[in-house]
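In: here is a sequence together with a model predicted from it:
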Amino acid sequence: MPALELTDPSVIPEIAKGVRSTFLTHKTRSIEFRLVQLRKLYWGMKDNANAIEAACKLDLGKGIYESNLSELNFCTSTLIYDINNLEKWARDESSPDVPIDMMVLRPKIRKDPLGTVLILGPYNFPVNLLICPLAGAIAAGNTAVVKPSENAPNVAAVMQKVIEGYLDQSCYRVVQGAIPQSTALLEQKWDKIFYTGGASVGTIIAKKAAETLTPVILELGARNPAIVTKNADIRLAARRLLWGKVHNAGQVCISQNYTLVDKEVFDRFVLETKKAMKEYYPNGTRNTEDFGRIVNNRQWQRIKKMLDDSQGQILMGGDMDESDRYIEPTIIRVSSLTDSLITEESFGPLMPLLPVSNLDEAIRIANEVHATPLAMYPFGNKTETDRCLAEIRSGGASVNDGFMHGSLPTLAFGGIGDSGHGAYRGKASFDCFSHARTITSTPGWVEFLMAVRYPPYEGKMKMIRRMELKPDFDREGRVKFSLARYIVGLGATSKTGGLVRYLVVILAALGLKQFFML
Ligand SMILES: NC(=O)c1ccc[n+]([C@@H]2O[C@H](COP(=O)([O-])OP(=O)(O)OC[C@H]3O[C@@H](n4cnc5c(N)ncnc54)[C@H](O)[C@@H]3O)[C@@H](O)[C@H]2O)c1
Ligand SMILES: CC1=C(/C=C/C(C)=C/C=C/C(C)=C/C=C/C=C(C)/C=C/C=C(C)/C=C/C=C(\C)C=O)C(C)(C)CCC1
């Protein structure tokens, strides 16, 4: 296992300058160069898989299964997906939004790299949440500096070995450290900052970035609700929500922070969760490879304090051991919205349950606790889950499940409002590190047509009025009746409706023709 060596903050300007000057050599513009780097990163992950597994075990007590499922495999699948799609994503796109008279300009959207980007990773998925953004930055043709979380020091050291050992070091560098290094990094000029972590540091980063108008992607924390109605499949809800709290010992930004359970099914839900617990961990969570540990004593103390401060009643679990950074999956019945387990993000294996009278109350509470969470988990019948989706905002959502929407490496992932902005993963990663550059090319021969834009303007007003798009609605916002459109659309009110009518007419005509030919 390599040892973590902190970067001297005084060398950080030189590191940033180095990758920036490489960007300006245009080395990373070549698609083939990017593909080679992504392929090398893939092999870097594969060759160091054992070291990554060992480091995840040391830092977070992650067993090999979880290290593979949500760290290693997630990254290698991301890399393969990026490699397989990069040429398609990087191609110029023609724009469909151009009036016919302007098509001569041959407008296209080019996917340009942003330049040199900074990626700051968190501790909870210290491999996944560093490598996946980096893969997007490489795919889009940027150079990058990454800073792994100092709170997962063993993984941070292995990440440096992989990134600097397998990638072109003139383009991609690793900085190790905590606040002094982050502060020095934020003093440099970046073309984008990609930050994953808590909202308070996210605010520092956004403010600092604003000074130089640097765009930021923020992937932050939240108080995500789960809702279980009386019509939900209670056993399924219990099993799936328990999974959302035991994976990575609950240190998952998209885990449900609290669950609103209909009073009628509350006891059954608790019973089924206890049953599921026995099924997942027949010998308990203390002595199994399948349950992790809290990352450090500071976080352990924070979670313990949340539980100590709570007025709730422990219904399951509650065992803790600081020497081992162990916290048993714990169900707590809470009764107030001001309870510490509701007002703070637990980021650990605590499962506060709040009984509610009905879905109206659940929706009202979810909107009151955190109006723009990262995720939301409604369990119930289709009408109920549709209502939750319509009436509660969130970055993403899994219907009738724990965080499955966040478990797919190819789906866009991100928050809304104060749970973050910007999305990545799959094509969204390529897009978030690219600039959609609109390019037009005006041929010389259209000069006589384009002359309408030049002074003197006298006599040219009629022409530009003709070019202006005309409304099909009146001052009340109602769509006006148009005889021409009615005839062309065969009386349909939508394009699809019109198309269906044309199809029916054609089929009827063919049928009639056949009939008369017989
Ligand atoms: N939305 C997501 O995708 C996502 C994913 C994982 C974690 N999170 C959230 O992150 C939080 C926990 O992660 P964390 O504790 O590692 O986050 P953190 O905020 O402590 O640290 C994240 C990164 O910020 C750096 N940092 C710390 N202090 C800094 C400062 N003053 N200036 C600049 N950089 C600084 C750290 O060195 C680290 O690289 C939780 O709230 C969780 O929900 C969100
Ligand atoms: C349906 C068919 C089949 C069955 C397929 C099945 C059962 C697939 C099941 C897959 C599952 C359950 C996968 C779960 C994966 C979970 C992952 C990867 C979790 C990731 C978590 C992450 C990345 C967390 C991130 C956290 C963040 C961002 C914040 O902190 C077949 C295959 C049997 C047959 C065909 C049909």
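Out: That came through, no problem. Ligands and ions are numbered 1, 2, ... in the order given.
In: tell me, what residue is most central in the chain?
Out: Centroid check for the chain by C-alpha atoms, centre = their mean gives F413 as the closest residue, at 2.0 Å.
In: that residue against G422, yeah?
Out: No. The criterion here is C-beta atoms under 8 Å, and F413 misses it with G422 at 10.0 Å. Using the backbone N, CA and C atoms, a C-beta is placed for each residue, glycine as well.
In: how about the closest residue to the residue nearest to the centre of the chain other than its chain neighbours, what does it touch?
Out: Take F413 and drop its neighbours on the chain: the residue closest to it by C-beta to C-beta, 6 or more residues apart in numbering is R425, 4.5 Å away. The neighbours of R425, taking C-beta atoms under 8 Å, 6 or more residues apart in numbering as the test, are 78, 132, 136, 408-413.
In: repeat that with 10 Å
Out: Taking C-beta atoms under 10 Å, 6 or more residues apart in numbering as the criterion, R425 is in contact with 74, 78, 81, 132-133, 135-136, 406, 408-414, 432.
In: again, but for N297
Out: 304, 322-323, 325.
In: mind running it again at 8 Å?
Out: With contact set as C-beta under 8 Å, 6+ apart, N297 has these partners: 322, 325.
In: list of residues touching the helix or strand hosting C56?
Out: Element membership for C56 (DSSP states H and E) is helix 49-60. Contact with helix 49-60 is made by 1-2, 45, 62-64, 66-68, 71-72, 123-124, 126-127, 151-155, 157-158, 161-162, 248-249, 251, 292-293, 295, as judged by C-beta under 8 Å, 6+ apart.
In: OK, contacts around the residue of the stretch 401-518 of the chain found nearest ligand 1?
Out: The nearest approach of the stretch 401-518 of the chain to ligand 1 comes at G420, 5.2 Å away (C-beta to the nearest ligand atom). Counting by C-beta under 8 Å, 6+ apart, G420 touches 202, 217-220, 374, 395, 414.
In: with respect to ligand 1, which of these is nearest?
Out: Nearest to ligand 1 out of the contacts of G420 is E219 (C-beta to the nearest ligand atom; 3.4 Å).
In: how about the closest one, what does it touch?
Out: By C-beta under 8 Å, 6+ apart, the contact set of E219 is 129, 194-197, 253, 413-415, 420, 422, 424.
In: before we move on, back to that, give me the buried positions along the helix holding C56.
Out: The neighbour-count check on helix 49-60 (16 or more other C-beta atoms under 10 Å) flags 49, 51-57, 59-60 as buried.
In: same deal with stretch 7-17?
Out: For stretch 7-17, burial by neighbour count (16+ other C-beta under 10 Å) applies to 7, 9, 12, 15-16.
In: how far does that stretch stretch from start to finish?
Out: Stretch 7-17 has an end-to-end distance of 15 Å (C-alpha to C-alpha, to the nearest Å).
In: what does stretch 182-200 give?
Out: Stretch 182-200 has an end-to-end distance of 14 Å (criterion: C-alpha to C-alpha).
In: may I see the buried residues of that stretch?
Out: For stretch 182-200, the neighbour count (16+ other C-beta under 10 Å) marks 182, 184-186, 188, 190-197, 199 as buried.
In: is it in proximity to ligand 2?
Out: No. Stretch 182-200 lies apart from ligand 2 when judged by C-beta under 6 Å from any ligand atom; the minimum separation is 7.4 Å.
In: closest to G177 out of the contacts of R425?
Out: Within those, distances to G177 taken as C-beta to C-beta reach their minimum at P133, with 18.5 Å.
In: and the one helix or strand that closest one maps to, what does it pack onto?
Out: Assigned by DSSP H and E, P133 falls within helix 128-139. Other helices and strands packing on helix 128-139, by 3 or more C-beta pairs under 8 Å, 6 or more residues apart in numbering; DSSP states H and E, are helix 31-47, helix 73-90, strand 116-120, strand 143-147, helix 153-166, strand 192-196, helix 427-432.
In: need the helix or strand of the chain with the lowest average pLDDT.
Out: In the chain, the helix or strand scored least confidently by mean pLDDT, DSSP states H and E is helix 483-488, which has a mean of 84.
In: three-state assignment of the nearest residue to D262 once chain neighbours are set aside?
Out: When the adjacent residues along the chain are set aside, D262 lies closest to K230, with 4.3 Å between them (C-beta to C-beta, 6+ apart). Put simply, K230 is coil when judged by DSSP: H, G, I helix; E, B strand; the rest coil.
In: which residues touch K230?
Out: 262, 264-265.
In: which SS class is I217?
Out: Following three-state DSSP, I217 is assigned to strand.
In: from the contacts of helix 49-60, list the buried ones, please.
Out: 45, 62-64, 66-68, 71-72, 123-124, 126-127, 151-155, 157-158, 161-162, 248-249, 251, 292-293, 295.
In: which one is the residue of the stretch 301-450 of the chain found nearest ligand 2 nearest to, not counting chain neighbours?
Out: Residue nearest to ligand 2 within the stretch 301-450 of the chain: S407 (3.4 Å; C-beta to the nearest ligand atom). Once flanking residues are discounted, S407 sits nearest to S70: 7.4 Å by C-beta to C-beta, 6+ apart.
In: wait, doesn't that neighbour sit right on F125?
Out: Yes. Applying C-beta under 8 Å, one finds S70 in contact with F125, separated by 6.3 Å.
In: follow-up on the earlier one: what's the closest of the contacts of K230 to ligand 2?
Out: For these, the nearest to ligand 2 is V265 (24.5 Å; C-beta to the nearest ligand atom).
In: what sits against the closest one?
Out: The contact partners of V265, taken as C-beta under 8 Å, 6+ apart, are 228-230, 232, 234.
In: check C432 too.
Out: Under the criterion of C-beta under 8 Å, 6+ apart, the neighbours of C432 are 136, 192, 194, 217, 422-424.
In: go again with 6 Å.
Out: 217, 422, 424 (C-beta atoms under 6 Å, 6 or more residues apart in numbering).
In: which residue does the stretch 101-250 of the chain bring closest to ligand 1?
Out: Sorted by distance to ligand 1 under C-beta to the nearest ligand atom, the residues of the stretch 101-250 of the chain start with G221, at 2.3 Å.
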